[in-house]
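Undergrad: Take this sequence and fold it.
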Amino acid sequence: MTPGPRNLITDIPGLLVGNAQDESLKSGTTVLTAADPFTASVHVMGGAPGTRETDLLAPDKSVSRVDAIVLSGGSAFGLDACSGVSEALRADGRGFQIGNVVVPIVPGAILFDLLNGGKKEWVENPYHVLGRRAFDDASDQFDLGSAGAGTGALAAMHKGGLGSASLVLDSGITVGALVAANPMGSVTTPGDRHFWAAPFEIEGEFGGLGPDSSSGLGRSIVSRKASAMRPAQPDKANTTIAIVATDAALSKPQCQRLAVAAHDGIARAIVPAHTPGDGDLVFGVSAGTRALEAESDLGLLGHAASVCLARAIARAIYLATPAPGDLLPCWSDGHEFR
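TA: As a prediction, this is how the structure comes out:
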């Protein structure tokens, strides 16, 4: 398995990603879409998710194909970004047809970035506009790091961000991940230098420093994020939300299994993960027609998705850039903390 030409989720033919952000707000929105509806499901392992239309993605529910998926900052306010995307799709005549009515299907998930130092004293919810802008920006090329839904994200020790990665399997099937990383846990081992995801890094995509040679890791949980946010409840201000996708032709239940397996990538890249105060969630997407040779191949796709997601999380933090008023340092400029 090797990364696709862009090392992005858009290495999967037909998928497009758009970002929109407001630097003063320190927040933003990311949209995944395509020219045609795609099959999707979801799996949640965090204890504090914020979502829209995810119940519809359960394998036993009636609608199996969606028009877009939204990842957004803004906590519950950010769910309004889905309305902006739905409005844009409706204007294009796209959606689920019921008689002479067309209803776009736009699931979404949000992360909490309301206490990150940005200006949140809006009069009118800004996320509807951000969702529309992100949809209009959709392309096969998009920014990572402090962009879109990752603009104001924070991990335990560094700025979080938006990440993506891909793998092309020997069969020619492509798997990719897109993530907005805002976890309670840390993406680096003690000392802030080495990424937990380092064993899965390919060609120095997040610094090439390799794994931490120390043993006995994971016994001490330290968080600059928690200190910066007190006296608020920092354990309630977290989440890693992601999409994993493939051009293999999967059913809705198979997309859910892809999402389940991909959660391993969160656990490989973030310590601790899937906590009661995180809303950790992964959408699984099939956007292609490549047939699986055998049902057992789904296991390999899930493994590839988990590796892509671990790498995407590390890339999100590695590529984050500083901005005025930041609460935490970026990994790239945090040498004084090492």
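
Undergrad: which residues in the stretch 101-250 of the chain form helices?
TA: Under the criterion DSSP state H, counting those that start in this stretch, helices of the stretch 101-250 of the chain are mapped to 127-136, 224-229.

Undergrad: Could I have the CA atoms of the longest one written out in CSV?
TA: What follows is helix 127-136 as a C-alpha-only set of coordinates in CSV (Å, rounded to 0.1, in the frame of the first residue of the first chain):
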residue,chain,number,x,y,z
TYR,A,127,-22.1,28.7,10.5
HIS,A,128,-24.9,28.7,7.9
VAL,A,129,-22.8,31.0,5.7
LEU,A,130,-19.6,29.0,6.4
GLY,A,131,-21.3,25.8,5.3
ARG,A,132,-22.4,27.4,2.0
ARG,A,133,-19.0,28.9,1.4
ALA,A,134,-17.3,25.5,2.1
PHE,A,135,-19.6,23.8,-0.3
ASP,A,136,-18.9,26.4,-3.0
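
Undergrad: so where do the strands sit in this structure?
TA: Residue ranges of the strands in the chain, as given by DSSP state E, are 15-22, 27-44, 51-52, 65-72, 96-98, 101-103, 108-110, 161-168, 174-182, 239-248, 281-290.

Undergrad: if we can go back for a sec, mean pLDDT for the helices of the stretch 101-250 of the chain: which is lowest?
TA: Ranked by mean pLDDT, those bottom out at helix 224-229, with a mean of 80.

Undergrad: now the longest helix along the chain and strand 161-168, what's the angle there?
TA: Determined from DSSP state H, the single longest helix within the chain is helix 297-318. Helix 297-318 runs at 140 degrees relative to strand 161-168, counting by axes from the mean of the first three to the mean of the last three C-alpha atoms, to 10 degrees.

Undergrad: Now for Phe38: which residues touch it?
TA: Gly14, Leu15, Arg65, Val66, Ala245, Val285, Ser286, Ala287 (C-beta atoms under 8 Å, 6 or more residues apart in numbering). C-betas here are computed from N, CA, C, even on glycine.

Undergrad: Check Asp278 too.
TA: Gly46, Gly47, Ala48, Pro183, Met184, Gly185, Asn238, Thr239, Thr240 are the contacts of Asp278 under C-beta under 8 Å, 6+ apart.

Undergrad: Could you report the neighbour count for the fifth one?
TA: The reference is to Met184. Counted with other C-beta atoms under 10 Å, residues neighbouring Met184 total 30.

Undergrad: do the last one as well
TA: Neighbour count for Thr240, taken as other C-beta under 10 Å: 35.

Undergrad: ok, Leu15 touching Leu8?
TA: No - using C-beta atoms under 8 Å, Leu15 makes no contact with Leu8, being 9.0 Å away.

Undergrad: Now do Ser215 against Pro190, distance only.
TA: 12 Å (C-beta to C-beta, to the nearest Å).

Undergrad: My error: substitute Gly208 in the last question.
TA: Computed as C-beta to C-beta, the Gly208 to Pro190 distance reads 20 Å.

Undergrad: got any ranges where the stretch 151-300 of the chain has weak pLDDT?
TA: Applying pLDDT under 70 to the stretch 151-300 of the chain picks out residues 231-234, 236.

Undergrad: Count the residues that sit near Gly325.
TA: 12.

Undergrad: Start at 333, not 1
TA: Will do, 333 is the new start, and the previous item becomes Gly657.

Undergrad: So which of the helices of the stretch 433-582 of the chain is the most surrounded?
TA: Using mean count of other C-beta atoms under 10 Å, the stretch among those with the largest mean neighbour count is helix 459-468, at a mean of 24.

Undergrad: tell me how far it is from the chain's mean position?
TA: 17 Å (C-alpha atoms, centre = their mean, to the nearest Å).

Undergrad: List the residues that contact Gly406.
TA: Ser359, Thr361, Asp412, Ala413, Ile442, Asp445, Leu446, Pro458, Tyr459.

Undergrad: next one: Ala441
TA: 381-384, 386, 402-404, 571, 573, 611, 613, 615 are the contacts of Ala441 under C-beta under 8 Å, 6+ apart.

Undergrad: and the closest residue in space to Thr607 that isn't next to it in sequence, how far is that from Leu443?
TA: Closest residue to Thr607 apart from its sequence neighbours, by C-beta to C-beta, 6 or more residues apart in numbering: Met516 at 5.3 Å. For Met516, the distance to Leu443 (C-beta to C-beta) stands at 11 Å.

Undergrad: got it, and His526?
TA: As for His526, its distance to Leu443 is 25 Å (criterion: C-beta to C-beta).

Undergrad: that older thread, most neighbours among the contacts of Phe370, which one is it?
TA: Ala577 (35 neighbours).

Undergrad: No further questions, thank you.
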